[in-house]
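Novice: fold the following, please.
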Amino acid sequence: MSVRPILTLGDPRLRLKGLPVDSFGKYLHELLDDLAHTMRDAPGVGLAAPQLGEALNVAVVEVESRLFELVNPRIAKSTGEDRDLEGCLSIPGFAAYVTRKERVWVVAQDRRGKRFKVSGSGLLSRAFQHELDHLDGKLYIDYLDSMDELIAVPASDEAAETEAARAGAPGTEDEGKVRAPALA
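Specialist: Residues are numbered from 1 along each chain as shown. As a prediction, this is how the structure comes out:
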């Protein structure tokens, strides 16, 4: 398990679509371990394989101390709308308000290939959608009408908010400070 460099905006590999995984052996297990370790080190709430330069349909999400390893995930159902601040480890120092589905149901495989279903709302739903977008070569800024909608977020505020989100603590906004969890 190692911390790997996270690709940032401008690297064309972020726009590659992830390929389906059909081998569930040592390579995949090491990739999942590296994704989780790198995400926690950043710190973030999720990370997708393309962000490490691996064009595979693999991502991890961790909210409220629960780690989800998602292999070949897809959204099976979604409801409602939720507009909130969103950040990304591949676009450090910035966040923007993005509208996502309030609740999603995801079908995926685990590291051994076993299919499972999981649903989430709030931050978990947002993180699932954000990571699955990465697997399609899409970034949250693609939802913006203009890059002028980006809000600068000091790195120390971003890290504190991400840690609070991972632990399940409600987010807080101090006067004059914008906080958004770094999803991935």
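
Novice: what's the next secondary structure element after the top helix by length along the chain?
Specialist: Counting by DSSP state H, the longest helix found in the chain is helix 26-41. For helix 26-41, the following helix or strand on the C-terminal side (DSSP states H and E) is strand 46-48.

Novice: average pLDDT for that next one?
Specialist: Averaged over strand 46-48, pLDDT sits at 98.

Novice: so what secondary structure elements neighbour that strand?
Specialist: On a contact count with 3 or more C-beta pairs under 8 Å, 6 or more residues apart in numbering; DSSP states H and E, strand 46-48 meets helix 26-41, strand 58-63, helix 123-135. The way it works is simple: take the backbone N, C-alpha and C, and place the C-beta from them, glycine included.

Novice: right, so the ones you listed: which one is the most enclosed?
Specialist: Burial of the helices and strands packed on strand 46-48 is given as mean neighbour count (mean count of other C-beta atoms under 10 Å); strand 58-63 ranks first at a mean of 27.

Novice: helices and strands of the protein: which one bottoms out on pLDDT?
Specialist: Least confident helix or strand of the chain, by mean pLDDT, DSSP states H and E, is helix 155-167 with a mean of 57.

Novice: okay, the angle between the strand ranked longest in the chain and helix 26-41?
Specialist: Secondary structure of the chain per DSSP state E: the longest strand is strand 66-79. Computed by axes from the mean of the first three to the mean of the last three C-alpha atoms, to 10 degrees, the angle separating strand 66-79 from helix 26-41 equals 90 degrees.
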